[in-house]
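**Q** I would like to see how this sequence folds:
(4 chains)
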There are 2 protein chains.
Amino acid sequence: MSEWDGPGAGDAPPPASNLPADLDGIVGFHLRLAHGAVYRHFTETFAALNLTQKQVSVLWLVAAEPGLAQTALSARLQMDRATVMAIVNRLQDRGFVVRGKSAVDGRKQTLHLTPAGQAALAEARTAIGAHEDWLKARFTRAEVRKLIELLARIHG
Amino acid sequence: MSEWDGPGAGDAPPPASNLPADLDGIVGFHLRLAHGAVYRHFTETFAALNLTQKQVSVLWLVAAEPGLAQTALSARLQMDRATVMAIVNRLQDRGFVVRGKSAVDGRKQTLHLTPAGQAALAEARTAIGAHEDWLKARFTRAEVRKLIELLARIHG
DNA sequence: CAAAAGCCGTATGTGTTGCATACAAATATC
DNA sequence: GATATTTGTATGCAACACATACGGCTTTTG
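**A** Reported below is the predicted structural model:
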């Protein structure tokens, strides 16, 4: 501890504003914080259901397209094949989803919801409603549309 | 396999549009996808530097406010105390950050960048520039401002 | 047709993060 | 001075992202 300003030299200066000004211009930074806040609220909202964002997304998509293959899932959710498998494994262990061989392409697995899975999804839809209301409460409808449009431009 | 539409009954219907229409209205869903896309590009951009978003954020903030305590960090980045500790541990192991006891409050640790940490941050700033350019390329300046404003309304 | 190439699911391991809990030390509050 | 509260720390657990490797199946190509 010598040539640079070592610890103990003095404590933090007055925090001034909460964040350094240059960080404020970083879109990715705000995106991360916003995502974190939404993630946190989502987790609270779904504590009782014990479901994560990804799990709900998978249930949702499989319900919308029964027989969907895992690769299709990974493409739509922009996730790794291995990650999708882990998620499907968990959902399968909990009896929400079943895998079956495709009659058309022997490589593919067809995914279907079980009745338990459909029940879970129904509950999840209600919870999503509350969660989205919380999120949208701070925006006008036009702003919500604008935000979605801007975010959609980021993911393909 | 019996009372519900079991597997093998038939494969996925024509994918129609890529996503179910109802998912399109979910702000959180788009936020997650956008965050994922940005996260992925960030990781690529920082592969050589071997730094994560959080690690860069911590370096950035500690540089801006030398002597910052970990609690202050966790507040500014909206992360758990335990999570911040894990990140600081890693940065410390790599010799980018040093902990020191606060002279003012014996409970607090003062954080400082080492020269290596400052060098890493300098490189990181360049990489962030490229990363942000990639991100902002799809927006006008006004849209960037609007997006930041909307995202800021989500995190406090 | 047979071989090569590609796709899909699977298995395994590593690293990062978020969260809960518990504990010790220092400080603040009453 | 006794009792909270704050701060950092230590551990463990769950979820993910990613890389790699492998076997089974399909498509392409020679």
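**Q** Name the nearest residue to residue A:102, ignoring sequence neighbours.
**A** Closest residue to residue A:102 apart from its sequence neighbours, by C-beta to C-beta, 6 or more residues apart in numbering or on different chains: residue A:108 at 4.0 Å. (Each C-beta comes from the backbone N, C-alpha and C, glycine too.)
**Q** The one you found and residue A:99 touch, don't they?
**A** No. Checked against C-beta atoms under 8 Å, the pair residue A:108 and residue A:99 is beyond contact range at 10.0 Å.
**Q** interface residues of chain A facing DNA strand C?
**A** Within chain A, the positions near DNA strand C by C-beta under 7 Å from any atom of the strand are A:36, A:39-40, A:43, A:69-71, A:74, A:81-82, A:85-86, A:88-89, A:99, A:105, A:107-109.
**Q** Can you list the helices and strands that the lowest-mean-pLDDT helix or strand in chain A packs against?
**A** Across the helices and strands of chain A, the lowest-confidence element by mean pLDDT, DSSP states H and E is helix A:21-24, at a mean of 91. Helices and strands touching helix A:21-24, by 3 or more C-beta pairs under 8 Å, 6 or more residues apart in numbering or on different chains; DSSP states H and E, are helix B:53-64.
**Q** residue nearest the centroid of chain A?
**A** Geometric centre of chain A, nearest residue: residue A:53, 4.2 Å, by C-alpha atoms, centre = their mean.
**Q** Helices of chain A, start to end?
**A** A:21-24, A:27-45, A:53-64, A:70-77, A:81-93, A:115-136, A:141-154 (DSSP state H).
**Q** Comparing these, which comes out most buried?
**A** Most buried of those, by mean neighbour count (mean count of other C-beta atoms under 10 Å in any protein chain shown): helix A:53-64, with a mean of 22.
**Q** Who is residue A:101 paired with across the strands?
**A** With DSSP bridges as the criterion, residue A:101 is bridged to residue A:109.
**Q** Tell me if I'm right that it and residue A:109 touch.
**A** Yes. Applying C-beta under 8 Å as the test, residue A:101 and residue A:109 come out as touching, 6.8 Å apart.
**Q** Which one's more surrounded, those two?
**A** Remark: of residue A:101 and residue A:109, residue A:109 carries more neighbours, 18 against 13, as counted by other C-beta atoms under 10 Å in any protein chain shown.
**Q** Next one: the more buried one from residue A:70, what distance?
**A** Residue A:109 sits 6 Å away from residue A:70, taking C-beta to C-beta, to the nearest Å as the criterion.
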